[in-house]
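J.: What follows is a predicted protein model with its sequence.
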Amino acid sequence: PGPVAAVPAAPAAQPPTAAQPPIPTTGDDGGSGDGDDPDALGAPDRRRRWPLVVGIVAAVLVVGGAGTAYVLTRDDAGPAAAPPDVVLPSPTASVEPVARPATTAFASALPATVLQYALTASADDAEWLAQGAVEAYTETYGDGGDAEVTVRAGQWATPEEADAVLAGLVAGLPAVPEPTADATASPSAAPGPSVLSTGEVLVDGAATGTVTVLDAGDGSGVAVWRNGTTVFHVVGPAADIANLYAAYPL
């Protein structure tokens, strides 16, 4: 027999392939062609954007609230700081003081000027010397005009003697009237002497005597004090008397 023609082998069976899901189609309105919710396709993106929008709104609210709180509390944070105290320089004498005749240690310690007042006269105080003072002086100070200050300064042997002299000076001060209801309501309704200050005389924090400063009610003021064994009696303008005591060095 003649040659046998080769019979082609049957192709190998291909394994079945999984069915591919249909590709959704969209209509003219952009919705799903298979009837799904038209908003379903973009929902994940919108869900991702929603927390971002919430965060931005919250940040705006926080910043706005902080700004409002600042505006509301800026004027209510407390009273404005008080302006600094202005300290004026102490007045100084415009006239030259005269020379003091006495040259003892006590006399040399007495001031030649006190504030705007300069020494114009100094002499022994005969009355206080008669009361047992070791030394005592009556001195006059002037400002170059009409204002005048008189100072009596004396030194005794002991603090007890000096204290007895001070007690006599305090007893001789103008009587201060008792305050009344009208005087409390209107101080100008009660003219007359008034106590400006009383207390201890302190030297390096230690009490060395007592002081009384008085407005005599007639335009003049009086200050009397003891400092150890020394006693002082100052009469001057009522407006200056407290400062005269504060500026006197002894």
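T.: Cool, got the structure.
J.: in this structure, which spans are helices?
T.: In the chain, the helices defined using DSSP state H lie at 43-74, 105-109, 126-130, 159-171, 181-185, 238-247.
J.: Of those, which shows the lowest average pLDDT?
T.: In terms of average pLDDT, helix 43-74 trails the rest of those, at a mean of 45.
J.: wouldn't residue 198 be in contact with residue 212 here?
T.: Yes: shown here, residue 198 and residue 212 form a contact pair, counting by Cβ atoms under 8 Å, at 4.9 Å. (C-beta placed from N, C-alpha, C; glycine too.)
J.: With neighbour numbers in mind, choose between the two.
T.: Of the pair residue 198 and residue 212, residue 212 is the one with more neighbours under other Cβ atoms under 10 Å, namely 18 against 12.
J.: give the contact list for the more buried one.
T.: Counting by Cβ atoms under 8 Å, 6 or more residues apart in numbering, residue 212 touches 170, 173, 195, 197-198, 223-225.
J.: Can you lay out those residues as TSV showing distance to residue 93?
T.: TSV is the format used below for those (distance: Cβ to Cβ, whole Å):
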residue	distance to residue 93
170	30
173	28
195	29
197	25
198	29
223	19
224	24
225	22
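J.: Is there a quick PyMOL command that grabs whichever of those residues are buried?
T.: Only the buried members of the contacts of residue 212 end up in this PyMOL selection, burial being decided by 16 or more other Cβ atoms under 10 Å:
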select buried, resi 223+224+225
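J.: which stretches of this protein aren't confidently modelled?
T.: 1-80, 83, 85-88, 179-190 (pLDDT under 70).
J.: just the strands in it please.
T.: Remark: strands assigned in the chain by DSSP state E are 113-114, 117-124, 135-142, 148-155, 194-203, 206-215, 220-227, 230-237.
J.: a markdown table for the ones you listed, including distance to residue 90?
T.: Below are the strands of the chain laid out as a markdown table (distance: least, Cβ to Cβ, whole Å):
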| stretch | distance to residue 90 |
| --- | --- |
| strand 113-114 | 10 |
| strand 117-124 | 12 |
| strand 135-142 | 15 |
| strand 148-155 | 15 |
| strand 194-203 | 19 |
| strand 206-215 | 18 |
| strand 220-227 | 17 |
| strand 230-237 | 15 |
